[in-house]
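**Q** Can you look at this prediction? I've put the sequence above it.
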Amino acid sequence: MKKMILFAIIVTVFSCAKKVSPEKTDAPKTEKEPKKETVVGADADTHGCKASAGYTWSELKKACIRVFEGTKLSHYDDGKEYTTASYVIFDGNKAELFLDTQKESIILERKSKGDSWVNGDWQLIPWKGYVLKKGGKILYTGQ
């Protein structure tokens, strides 16, 4: 009988004891690397333009602009479908091209109103909207 009482006491003590989770022990904690947080809008380029907000540096305007507010140019109908877009912005007798095929913009200039904008073999012609040629070949059209 004494063994039975002793056994009941031991079972009661261990079952009522406070359980300690491994996270709450006094053992030294290993340092985890802090999470690197991505800050929205922290993608400014060398000119301070934020691509996540739709801004691109314009050499012509010397400012951050949203090219999609300019005139949209589409690839000339060559039987292919494109998902990219190209744009042109104007400032006086100058035009700046933002083409999906070029890493940097291209600035064209015209001599007077009504003339084409030109830079080397690039030519932007104001005809039924705009026609962009390179080396005499039509590449883009737009309104």
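**A** Arrived safely, thanks for sending.

**Q** ok, residue 65 - how many residues close by?
**A** The number of residues packed near residue 65 is 20, by other CB atoms under 10 Å. Heads up, the C-betas are built off the backbone N, CA and C, glycines and all.

**Q** Apart from its chain neighbours, what residue comes closest to it?
**A** residue 58 (4.6 Å; CB to CB, 6 or more residues apart in numbering).

**Q** Please tell me the pLDDT value assigned to the one you found.
**A** According to the prediction, residue 58 has pLDDT 93.

**Q** Who does it form a beta bridge with?
**A** residue 63 (DSSP bridges).

**Q** Now for it: which residues touch it?
**A** Going by CB atoms under 8 Å, 6 or more residues apart in numbering, residue 58 touches 64-65, 67, 89, 96, 105.

**Q** got the residues you listed as CSV, with pLDDT and distance to residue 135 columns?
**A** Below are the contacts of residue 58 laid out as CSV (pLDDT from 0 to 100; distance: CB to CB, whole Å):
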residue, pLDDT, distance to residue 135
64, 93, 32
65, 92, 28
67, 89, 24
89, 93, 23
96, 95, 20
105, 94, 19
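
**Q** Adding distance to residue 117 and secondary structure, write those out as TSV.
**A** As requested, those are exported to TSV (distance: CB to CB, whole Å; DSSP: H, G, I helix; E, B strand; the rest coil):
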residue	distance to residue 117	secondary structure
64	22	strand
65	18	strand
67	16	helix
89	11	strand
96	10	strand
105	13	coil
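
**Q** Could you confirm residue 68 falls within a strand?
**A** No - remark: residue 68 does not belong to a strand; assigned using DSSP: H, G, I helix; E, B strand; the rest coil, it is helix.

**Q** from memory it sits against residue 87, does it?
**A** Yes - proximity of residue 68 to residue 87 meets the contact threshold set by CB atoms under 8 Å, at 6.3 Å.

**Q** Give me the more crowded residue out of the two.
**A** residue 87 (22 against 11).

**Q** Which of the helices or strands spans the more buried one?
**A** Using DSSP states H and E, the element containing residue 87 is strand 86-91.

**Q** Parallel or antiparallel, list what pairs with that strand.
**A** With DSSP bridges as the test, strand 86-91 is paired with strand 71-75 (antiparallel), strand 94-98 (antiparallel).

**Q** what sits up against that strand?
**A** Residues outside strand 86-91 that contact it (CB under 8 Å, 6+ apart) are 58, 60-61, 65, 67-68, 70-75, 95-101, 124, 130, 132, 140, 142.
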